[in-house]
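In: predicted model and sequence below, questions to follow.
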Amino acid sequence: MSTQEVQVKEIQLLINNQDVSTENYVEVRDPGRLSDVVGKVAQATVEQVNQAVEAAYIAFQSWRHSTLEERLEVLYKIEKILKDEAQELARTLSRENGVLYSTSLGEFDMAARAVQATIKNAKSFFEPVIKEDGDSWVSVEKRPVGVIAGIIPWNAPMVLTIQKVAPAIVTGNTLVMKPSPNSPMGVSIILKKIAALLPPGVINVIHGDAEVGSALNKHQHVRKISFTGGGQIAKYIMKDAADSLKSVHFELGGNDPAIVLDDVDLDDIVPKILGSAFRRSGQVCFAIKRVYVPESLYDVFYDKVCQFVDQYKVGHGLDERSTFAPVNNKNQYDQINKLIERIRNSNAKLVQLGEKLDPENWDNGYYILPAVVRDVDPNQEIVTCEQFGPIIPLVSYRTEEEVVKMANDTEYGLGSSIWTSNFDRGLRIARKIEAGMTFINGSGQSHLGYEHMPFGGVKQSGIGRENSEIGLAEFIEYHAINYHK
Ligand code: NAD
């Protein structure tokens, strides 16, 4: 697939289904070819943020009364748009956030599945809840919340956007979406197409970073902030939200442990563990970020991991030969390289493996060879932090009690995984893990899991859940009516 031709996309704000230009545009560069400008994105002023919220607020007054059938009709059309646009827009996604084209394409598929699951869950979610006895009658009804601010990170922008838009719309809310400045284009193009299916103002899109986000957080007509991103920004949002006592829904970072038991088939699980750890070059909130290996298997596990990682071909996301892509932005690149340096200066052993596909373009992108770390202290930074990049530490353990304690000794609690050939043993350990989600012999939702697992974390990995019927409940308020006979 050619990476040579560059089409610069100009992205405007979207308010009331109108393109709105601004005086300030920010360039988007290809993380795999920094000399290429691939987009220019309008940056909102605070006044434009206010206009977007007002548009959503006015639209809410009528959209809240739309029927479930009308909303489901829109969702079926969103699913079709995602399928129709996938081939072309996956290129745009790879161009702006750097990931492999196959990963971008898969993201459209995931987004379409999120819509399908929302459709299915919404039907049962809105079943009436009515209780009655001789004295009285009670109805527990579900109302939309109002204007939702949807704030999105760059790492998987399409699916993370749709996971907010579909449930928010089907429950009768209106939205102001703020994509990340590090991958604003693909989602803006899709959101414009989705907005066109709806009355003006139901979906609005603004662009910018902290200042724009903060204006959105503080607006009195925003009733809820649904944020996916890092814990530091979540703390700012919570403070901003306090003044008008807004509800917040946070999907935050993780430091997911993988616990390997001594009864596994290593040839089977090593590719699966690495597939999770290095998906999107390690930039996934629920990627495996530390692997606990029994002392008896440690050396052979390490060797197999290194053999596998050495096969990666690191190159541009649109190069068909690439199996490993660059990281997204300069901040990521600098942070990860500094972390690698600190690990090299410690007692742990770090190796960087894989092949540089296009050495002459290497310094023209945020390329980092994947790294494996062994002989690491369980309390060392690379084990306790969310590295969010292509480095995987292997920690040795002796007993089940010890490994459970190490897995839980963190402020994070998003995902986790247990690897075993014995389901009962895996389940027993899974139930001791402090996390929003535990996968046994996998890392990521199965088809059934995608429909029914509430996605999210405990401790500082989040507040609330996305997906499933439980995720729909983030977008409603309960209205209870009690008739005294
Ligand atoms: P980030 O927190 O830096 O930014 C996320 C979004 O917040 C961006 O759109 C940014 O412009 C916006 N923002 C910045 N300052 C703001 C403010 N004051 N008010 C409102 N919005 C503001 O995160 P990132 O670097 O884009 O993404 C990486 C992080 O996201 C990682 O920690 C990762 O684990 C997490 N993440 C979590 C999930 C999940 O579902 N749990 C999914 C993907 C990513």
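Out: Now that the structure is in, tell me what you want to look at. Keep in mind that what you see is a predicted model, and the values were worked out from it rather than measured.
In: give me the phi and psi angles of residue 152.
Out: Its backbone dihedrals place residue 152 at phi -120, psi 140, with angles given as degrees, to the nearest 10.
In: strands of the stretch 51-200 of the chain, residue ranges please.
Out: 129-132, 136-144, 147-151, 174-178 (DSSP state E, counting those that start in this stretch).
In: and the first one, what does it pack onto?
Out: With contacts defined as 3 or more C-beta pairs under 8 Å, 6 or more residues apart in numbering; DSSP states H and E, the packing partners of strand 129-132 are strand 136-144. From N, CA and C alone the C-beta is placed, and that goes for glycine too.
In: using PDB, write out every CA atom in the strand it packs on.
Out: Listed next in PDB are the C-alpha coordinates belonging to strand 136-144 (Å, rounded to 0.1, in the frame of the first residue of the first chain):
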ATOM      1  CA  SER A 136     -49.900   1.500  45.200                       C
ATOM      2  CA  TRP A 137     -48.200   1.400  41.800                       C
ATOM      3  CA  VAL A 138     -44.500   2.200  41.100                       C
ATOM      4  CA  SER A 139     -42.900   2.800  37.700                       C
ATOM      5  CA  VAL A 140     -39.100   3.200  37.400                       C
ATOM      6  CA  GLU A 141     -38.500   5.100  34.200                       C
ATOM      7  CA  LYS A 142     -35.400   6.000  32.300                       C
ATOM      8  CA  ARG A 143     -34.800   9.500  31.100                       C
ATOM      9  CA  PRO A 144     -31.900  10.900  29.100                       C
END
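In: and it, what other elements does it pack with?
Out: strand 129-132, strand 476-484.
In: with mean neighbour count as added columns, please give those strands in a markdown table.
Out: Putting the helices and strands packed on strand 136-144 into a markdown table (neighbours: other C-beta atoms under 10 Å) gives the following:
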| stretch | mean neighbour count |
| --- | --- |
| strand 129-132 | 11 |
| strand 476-484 | 11 |
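In: I'd like those as CSV, with distance to residue 355 appended.
Out: As requested, the helices and strands packed on strand 136-144 are arranged in CSV below (distance: least, C-beta to C-beta, whole Å):
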stretch, distance to residue 355
strand 129-132, 58
strand 476-484, 50
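In: wait, which of those is closest to residue 47?
Out: With C-beta to C-beta, the closest approach to residue 47 among these belongs to strand 476-484: 29.4 Å.
In: pull the CA atoms of that closest one into CSV?
Out: Output of strand 476-484 as CSV, limited to C-alpha atoms (Å, rounded to 0.1, in the frame of the first residue of the first chain):
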residue,chain,number,x,y,z
ILE,A,476,-29.8,7.9,31.8
GLU,A,477,-31.3,9.3,34.9
TYR,A,478,-34.0,7.3,36.8
HIS,A,479,-37.4,8.9,37.2
ALA,A,480,-39.5,7.0,39.7
ILE,A,481,-43.3,7.5,39.8
ASN,A,482,-45.3,6.2,42.8
TYR,A,483,-49.1,6.3,42.6
HIS,A,484,-50.9,5.9,46.0
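In: direction included, what does it pair up with?
Out: In the sheet containing strand 476-484, its partner strands are strand 136-144 (antiparallel), by DSSP bridges.
In: skipping adjacent residues, who's closest to residue 279 in space?
Out: Spatial nearest neighbour of residue 279, chain neighbours left out: residue 287 (6.0 Å); criterion: C-beta to C-beta, 6 or more residues apart in numbering.
In: gap between the one you found and the ligand?
Out: For residue 287, the distance to the ligand (C-beta to the nearest ligand atom, to the nearest Å) stands at 9 Å.
In: hang on, that residue packs against residue 274?
Out: No. Using C-beta atoms under 8 Å, residue 287 makes no contact with residue 274, being 10.3 Å away.
In: what's the overlap in contacts for these two?
Out: Taking C-beta atoms under 8 Å, 6 or more residues apart in numbering as the criterion, residue 287 and residue 274 do not both touch any residue.
In: looking at these two, which is more packed in?
Out: When residue 287 is set against residue 274 and neighbours are counted by other C-beta atoms under 10 Å, the residue ahead is residue 287, at 29 against 21.
In: for the more buried one, give its distance to residue 63.
Out: When C-beta to C-beta, to the nearest Å is applied, the distance between residue 287 and residue 63 equals 36 Å.
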